[in-house]
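Student: mind folding the following:
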Amino acid sequence: MHPRLVLAVCTSLLFVSATRASEVPAAEQVQEWWRAKSSEEMTLEGPLQEVHLRSKEAAFLVPVGFYQRGRNFIWHTALVRPELREVRELPEPVGSECSVQDVDADGVSEVVSVAVASGGGTTESVQSVFQLDGFNPVVMHQAVSRDNLGACHHGCKQVDVTWKFEHPSGQAQTILVETVTTSTGPTPERLRSSKAVKRYVRDGDTFVPASPQGGRRIQ
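Tutor: Numbers count the residues shown, from 1 in each chain. This next block holds a predicted model:
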């Protein structure tokens, strides 16, 4: 089961744009740049969305498909960098579903991505928030949702993680609110749920647990 992201999947919400891209590359141009470095066939699966790297360079994310690969390895995301005239597939944990924000309005995008794998009646979704240092994702926080609802012969369990970003009045820090819903029961139709809410604040390249007062927790 996919995490129900409060952030709209594949929607760009760039509050600050230090370097605007002059235009969105055409699909034919993206494919030409890809074929210049790879012989593997790549299919564009959706529109390009603008993203700002740590260098403030304007680039684009695009969902892509590699249909010659196995079922759990078809869908990915590629990064298109017009300044370099280059396209590359992004490595794990980047999945095929991405949303882009500039959560702290500094001109650098934060990307939330979901990578899903399933098999044998189970599903696992790895949800990551990261920035891009060139073609390299810098993971700031990560969570896993999973369930066995397709094969729960000895008890069913589903763990569903959702995120949202908050900007409390009078505080400079952005709060990442993580809600973990755990559901258990004898069958998928008879689950009982409980929720736990955690809050995180930005500390350098990561989000760390917030103190009850809203600041960083002192170890």
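Student: just the strands from the protein, written as ranges.
Tutor: Taking DSSP state E as the test, the strands found in the chain are 12-13, 43-44, 49-52, 58-65, 75-81, 86-89, 97-101, 110-119, 122-133, 136-147, 156-166, 175-185, 192-203, 206-209.
Student: any low-confidence regions in the protein?
Tutor: Within the chain, the segments meeting pLDDT under 70 span 1-22, 212-219.
Student: any idea which residue is closest to the centre of it?
Tutor: When Cα atoms, centre = their mean is applied to the chain, the residue found nearest the centroid is S113 (1.2 Å).
Student: give the contact list for that residue.
Tutor: 77, 93-95, 97-98, 127-130 (Cβ atoms under 8 Å, 6 or more residues apart in numbering). (Glycine included, C-beta is placed from N, CA and C.)
Student: for E57, see how far away it is.
Tutor: Applying Cβ to Cβ, to the nearest Å, the value for S113 to E57 is 19 Å.
Student: wait, E178 sits on V197?
Tutor: Yes - counting by Cβ atoms under 8 Å, E178 touches V197, with 7.1 Å between them.
Student: more neighbours: which of the two?
Tutor: Shown here are E178 and V197; by other Cβ atoms under 10 Å, E178 has more neighbours (18 against 9).
Student: how near is that one to C98?
Tutor: Per Cβ to Cβ, E178 is found 18 Å from C98.
Student: list of residues touching stretch 181-198?
Tutor: By Cβ under 8 Å, 6+ apart, stretch 181-198 touches 149, 152, 155-162, 177-180, 209.
Student: buried subset of these?
Tutor: Applying 16 or more other Cβ atoms under 10 Å to the contacts of stretch 181-198, the neighbour count classes 149, 152, 156, 158-162, 178 as buried.
Student: no more questions from me, cheers.
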